[in-house]
Every structure is written in C-alpha cells, then in structure tokens.
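K.L.:
quick one, structure for this:
(one chain, ligands or ions: 1)
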Amino acid sequence: MKTARHELVIVGGGPAGYVAAIRAAQLGIDVACIEDDPKFGGTCVRVGCIPSKALLESSHLYEEAQHKFADHGLKVGGIELDLDVMMKRKESIVDALTGGIDMLFQRKGVTAYHGRGRLRDVDTIEITPSKAAKDGQPELITADQIMLCPGSVPAQLPMVEEDNDRIGNSTTALSFPDVPEVLVVIGGGYIGLELGSVWNRLGSQVIVLEAFDRIMPGLDKEMANLAHRSFKKQGLDIRTSTMVASAKVDPKPGDKKPCVIEIKDGDPIRCDRVLLATGRAPATKDLGLEAAGVKTDQRGFIQVNHQFETSVPGIYATGDCIGGAMLAHKAMEEAVVCVEKMAGIGAEMNYEVIPAIVYTHPEIAMVGKTEEELKEAGIEYNKGVCPLGANGRARTLGDIDGRVKILADAATDRVLGVHIIGPRAGDMIAEAAAAMEFGASSEDIARTCHAHPTLSEAVHEAALAVDDRAIHTA
Ligand code: FAD
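P.N.:
Got it, this is the predicted structure:
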C-alpha cells in the first residue's frame, strides 16, 4: 500500500476543508486534503449554495421577463423555457468554481487526494479510492494533525420512501429533468422555500407542507410572516401545522401523478414529485471515529472544544459536522480560526455575528438576535424600521416589497440584531454584520454617510428610526 506523511491532513474538501487547506498552506504548513467526490467544493459548490442560486437567478429572470419587463416598457414576446440550457448553465458555474479550487490547491501547494478517508487510529488515515476511480489503490497517510470536515447529508424521514427520482432530496430537486406539474415540498425551511420558489417560477404548482405553525422557525417572526405573505402572493401553497404521515411512489391507473402523500388529519395529496427538505444530518458515519476514539453527541455531531479540538488531542473538526448553523460561511470561518489556532495565531470565532440569508424573492437576511430572542432573554431594546417603499432605489427597481429592522439595546444603543426583507437583502446584511462585529451602536450607523440612491440607505434610515428621527418615513 502507498504511504505518505503530512503535517496536516484534512478529510473533506467542502467550504470547511478546502478553506482550511488553503489557509494552512499560506501559513507554511505541509497540508493535504482528501475528498471522496471527483470535485472539490463540497455540498456548497456541487449541490448546495451555488447550483441553487444559479437556478434561483435564472428562474427569477424568467419570471421578470414574463411579468415585469412590460412595466419598464420592454415588449418581449414568445418567452420560452429551455430547461436543458438552464441546467447546463448551472453546471458550468459549478464546474468553474470546482476547477478554481483545483487551481488554487496547485498554486498554493496543497496536496489533493481523491478517495474516501477513514481514521485507522489517532494519526493514520486510510484512503479508499472513490467508486469513480478505475485504477486507484488504497493509500495510508499519517499526519501530525488531522482535521475532520466531512460536512452533512440530507436528513431522511422513515415514513418518506425516497427513490431519488420522484421522491428525493435537494440534490434531486436541483436537476429535475422536466417541470413537475405538482411538486410537494416537505419542510418550510430555507432549502425547501428556495427550491420551491425555483419550480414555482418555472411553472409548477408547489405545495409546501410544514409541521410547525410557521415557516422558517429560526427567523424573526415578523420577517417570516411578511415572507409567508409574499410567497403566498407568488402562488406558493404553504400549509403550516401539517404533519406528513407517509410519502411514497404509488402510481394509480389513469392518474398521471405517481406520488401519494398521506397527511395526518387531512386529505392525501397526489403529485408528480416530492422534495424532502427537513434538514441535514452530520456525515460522520463510516469515518473511523470509534477507531481513533473521537466522540460524537447523540445525533452524530462531532464534539469539539473552543479550539475545535475533538476528544482526541491532535484531531480537530469544523463545519456542518460539528453542528450549529449549517452554513458555508460559518464552516469557512471556523476552518480559518481552527488552522490559525494550530499555528499559534490568536483567532476567535464570534458566533453572535453569523449572517443568515434566504435567497427567495424577496430575499430575507438576518444577523444577531430576533425580537423573540430578546424578549425571552428579558433584554430591553429599541426598534427602528424603514419600509422599502420609502427608498428611492427600491422604487427604481420596482421592488418595494420589504423592510429593514434594526434592534438596539435600550440602555447602550449597541446593535443587537438586524433583519432585512427585500431585494438584495443578502448583500445589505454585510454592513450590519460588520457594524455588529465592531460593536457599533445604531447611532454609529445613523452617523455614517450612505451613498444615494442605494438600497443600503434603508439601513441608514432604520438606524435613524431607532432614535425616532427618520427623514423619509412618516
Ligand atoms: P460539505 O460542504 O458537506 O463538504 C464535506 C465534503 O466532505 C463533501 O465534499 C464530502 O464528499 C466530503 N467527505 C465526507 N466524508 C468524507 C470522507 N470520509 N472522505 C473524503 N471526503 C469526505 N449555505 C450557505 O451558507 N448559503 C447558502 O446559500 C446555502 N445554500 C444551500 C442550498 C442547499 C440546497 C444545500 C443542501 C445547502 C446549502 N447551504 C448553504 C449549506 C452549505 O452547503 C453547508 O453549510 C456547507 O457546504 C458546509 O460545509 P462543510 O465543508 O462543513 O461540508
């Protein structure tokens, strides 16, 4: 068996793994990264953030061309959907980004291994060649330090019989071969709503079934309610407090819809396809954790301390596999902090300031605390709101459905949370995150000159509104 040794070996080449590898190489560490898939980039680049945003963008344009262009005096006739071209565009974006990681690894001196990594003991990993590799041989790699970044996989439900075709997860829904007439999405979280929006815009009747009494439970309730109203207007049929009893493929003679979903206390639904989007589970099975003595919690998340070190000294873990917000930027930040700590640099992770974005239309973005969290913690706060109808740039975009809300500590005026719903909310939230990272007050934002006419003026205006001195809102 071929053997090799590196100072640091990383298992998993997603946002946590590939970013850790690049940062380690920058710091002069001899680093290797093992990835099971032929492409680096992980869930995020291959079957998550990037392909979903590519389809959201394309489907949004399709809808704009049909319903909004005329408002601008643009007459375009005969708009047709070419799903193959849309899918190819998505794939070419993914390929460009995964290819970019290969190039970065080469330029920065990261050794890449393709295959499945498994801990043999505390400092040895066996790599089994991926199924795709025809002539690969197992390899044995030893390391001074190991970082586990295996990420996550879609969670399954025992009563939902997935066949990865008619009934599948987000990966399936990113590549449907045609537009389903009726698509049922199980789960009203951000993945279900983003992909539900894509297929709704492309012509499907989309029914979203959510067991909870509201969509997106982690979001500020006011924002989630506004979003719900907006999605309803767009034609999404969102049914909250709805429990799925079973879902399976069960074709009936004469009925073109092969899937049937049984609802507790409700009528069954027949549909063409089902997207199961009820969260993600850590991909920590079959990693050899037991062989090395790495502990997980009951749900399989790897337990780490504030240095990201596991129960075994010298073995670290970051990203989705350690739990918390399952977001690519959180995984990347953890990876950098972890590697810098290994190199003796005093980096820290600030979990209070991790923005979260839902890329529907309107977009929804938040950072910091929700109103519900502040109330529960008994923290007094002042609130400033700017509706986008008062924003010139939103008017020129023809997109005034939304608002910015700033929550500031009543005693100190320190910004505790910012919530935005509207066009490009995901870009606007960066200012709020930077302000919060620097411990800014709402007065700091209010005293910062914002360019005109921009959407970010709504953030400025909401900051002024915290002190009841907004200029452009009544
Ligand atoms: P992953 O990205 O899951 O990467 C882990 C990698 O490790 C994988 O490539 C896997 O093949 C590899 N691996 C696993 N086990 C082994 C092994 N034993 N040996 C070798 N390799 C192994 N997040 C956002 O921030 N913004 C978004 O807009 C967003 N959109 C999303 C949309 C969808 C549809 C989905 C599914 C997710 C989305 N996410 C988004 C979440 C984001 O993709 C994850 O939080 C992020 O990818 C986590 O990074 P990671 O490196 O921890 O894990």
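
K.L.:
burial count for the residue in the stretch 151-300 of the chain that the ligand sits nearest to?
P.N.:
As assessed by CB to the nearest ligand atom, the ligand sits closest to residue 151 within the stretch 151-300 of the chain, at 2.0 Å. Placement of C-beta: from N, CA and C, glycine included. Look at residue 151: counted by other CB atoms under 10 Å, it has 25 neighbours.

K.L.:
list the contacts of it.
P.N.:
12, 14, 16, 42-43, 282-283, 319-321, 331 (CB atoms under 8 Å, 6 or more residues apart in numbering).

K.L.:
pLDDT score assigned to it?
P.N.:
Confidence at residue 151, expressed as pLDDT, is 98.

K.L.:
backbone dihedrals for residue 317, please?
P.N.:
phi -150, psi 140 (degrees, to the nearest 10).

K.L.:
now residue 448: closest residue in space, sequence neighbours ignored.
P.N.:
The shortest distance from residue 448 to any non-neighbouring residue, by CB to CB, 6 or more residues apart in numbering, is to residue 460 (6.9 Å).

K.L.:
ok, back up a step: could you work out the most separated pair of the contacts of residue 151?
P.N.:
The largest separation in these, counting by CB to CB, is between 42 and 282 at 13.5 Å.

K.L.:
for those two, indicate the residue with more neighbours.
P.N.:
Comparing residue 42 with residue 282 by other CB under 10 Å, the one with more neighbours is residue 42, at 30 against 24.

K.L.:
so the more buried one makes contact with residue 10?
P.N.:
No. The criterion here is CB atoms under 8 Å, and residue 42 misses it with residue 10 at 11.6 Å.

K.L.:
which residues do the two both contact?
P.N.:
With CB under 8 Å, 6+ apart as the test, residue 42 and residue 10 both reach residue 17.

K.L.:
just the helices in this structure please.
P.N.:
15-26, 42-47, 49-67, 83-108, 170-173, 190-201, 221-233, 289-292, 328-342, 371-376, 392-397, 425-437, 442-446, 457-466 (DSSP state H).

K.L.:
how about the contacts made by the closest residue to residue 65 other than its chain neighbours?
P.N.:
Nearest residue to residue 65, sequence neighbours excluded (CB to CB, 6+ apart): residue 79, at 5.0 Å. Contacts for residue 79 were tallied using CB under 8 Å, 6+ apart; they are 62, 65-66.

K.L.:
TSV for the contacts of residue 151, including pLDDT?
P.N.:
Below are the contacts of residue 151 laid out as TSV (pLDDT from 0 to 100):
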residue	pLDDT
12	98
14	98
16	98
42	98
43	98
282	98
283	98
319	98
320	98
321	98
331	98
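
K.L.:
those also near the ligand: which ones?
P.N.:
The residues of the contacts of residue 151 that also fall near the ligand, by CB under 6 Å from any ligand atom, are 12, 14, 16, 42-43, 283, 319-320, 331.

K.L.:
quick one: which of those is the most crowded by neighbours?
P.N.:
residue 319 (37 neighbours).

K.L.:
that older thread, what sits against the residue nearest to residue 448?
P.N.:
Taking CB under 8 Å, 6+ apart, we find residue 460 in contact with 445-446, 448, 450.

K.L.:
for residue 257, which non-adjacent residue is spatially closest?
P.N.:
Residue 257 sits nearest to residue 270 (CB to CB, 6+ apart), 4.1 Å away.

K.L.:
what's the burial count for the one you found?
P.N.:
Neighbours around residue 270, by other CB under 10 Å: 16.

K.L.:
that one pairs with what?
P.N.:
Beta-bridge pairing for residue 270 (DSSP bridges): residue 260.

K.L.:
can you give me the pLDDT of it?
P.N.:
With respect to pLDDT, residue 270 scores 97.

K.L.:
which residues touch it?
P.N.:
Going by CB under 8 Å, 6+ apart, residue 270 touches 182, 252, 255, 257, 259-261.

K.L.:
for residue 457, same thing?
P.N.:
391-393, 450-451.

K.L.:
of those, which is the most crowded?
P.N.:
residue 391 (29 neighbours).

K.L.:
spatially nearest residue to it (excluding sequence neighbours)?
P.N.:
Nearest in space to residue 391, with sequence neighbours left out and distances taken as CB to CB, 6+ apart, is residue 458 at 4.7 Å.

K.L.:
got it, and residue 95?
P.N.:
Excluding the flanking residues, the one nearest residue 95 by CB to CB, 6+ apart is residue 39, at 7.9 Å.

K.L.:
that neighbour: neighbour count?
P.N.:
Residue 39 has 17 neighbours, counted by other CB under 10 Å.

K.L.:
please apply the same query to residue 67.
P.N.:
10.

K.L.:
repeat that for residue 431.
P.N.:
19.

K.L.:
from memory it sits against residue 454, does it?
P.N.:
No. Using CB under 8 Å, residue 431 makes no contact with residue 454, being 10.4 Å away.

K.L.:
for the residue of the stretch 351-474 of the chain found nearest the ligand, give me the pLDDT.
P.N.:
Across the stretch 351-474 of the chain, no residue is closer to the ligand than residue 359, which sits at 5.9 Å (CB to the nearest ligand atom). pLDDT, residue 359: 98.

K.L.:
for the ligand, what are the nearby residues on the stretch 251-400 of the chain?
P.N.:
283, 287, 319-320, 326-329, 331, 359.

K.L.:
tell me which residue is most central in this protein.
P.N.:
residue 327 (4.8 Å; CA atoms, centre = their mean).

K.L.:
for it, which residues are in contact?
P.N.:
354, 356.

K.L.:
same deal with residue 109?
P.N.:
Counted by CB under 8 Å, 6+ apart, residue 109 has contacts residue 25.

K.L.:
what's the answer for residue 47, then?
P.N.:
So residue 47 contacts 170-171, 174 (CB under 8 Å, 6+ apart).

K.L.:
residue 166 and residue 259 touch, don't they?
P.N.:
Yes. With contacts counted by CB under 8 Å, residue 166 reaches residue 259, the gap being 5.3 Å.

K.L.:
how near is residue 36 to the ligand?
P.N.:
For residue 36, the distance to the ligand (CB to the nearest ligand atom, to the nearest Å) stands at 4 Å.

K.L.:
that residue contacts residue 113, doesn't it?
P.N.:
No. Applying CB under 8 Å, one finds residue 36 not in contact with residue 113, separated by 9.9 Å.

K.L.:
point out where the chain drops to low pLDDT.
P.N.:
132-135 (pLDDT under 70).

K.L.:
how close does residue 179 get to residue 210?
P.N.:
To residue 210, residue 179 is 23 Å away according to CB to CB, to the nearest Å.

K.L.:
between the two, tell me which one has more neighbours.
P.N.:
residue 210 (25 against 16).
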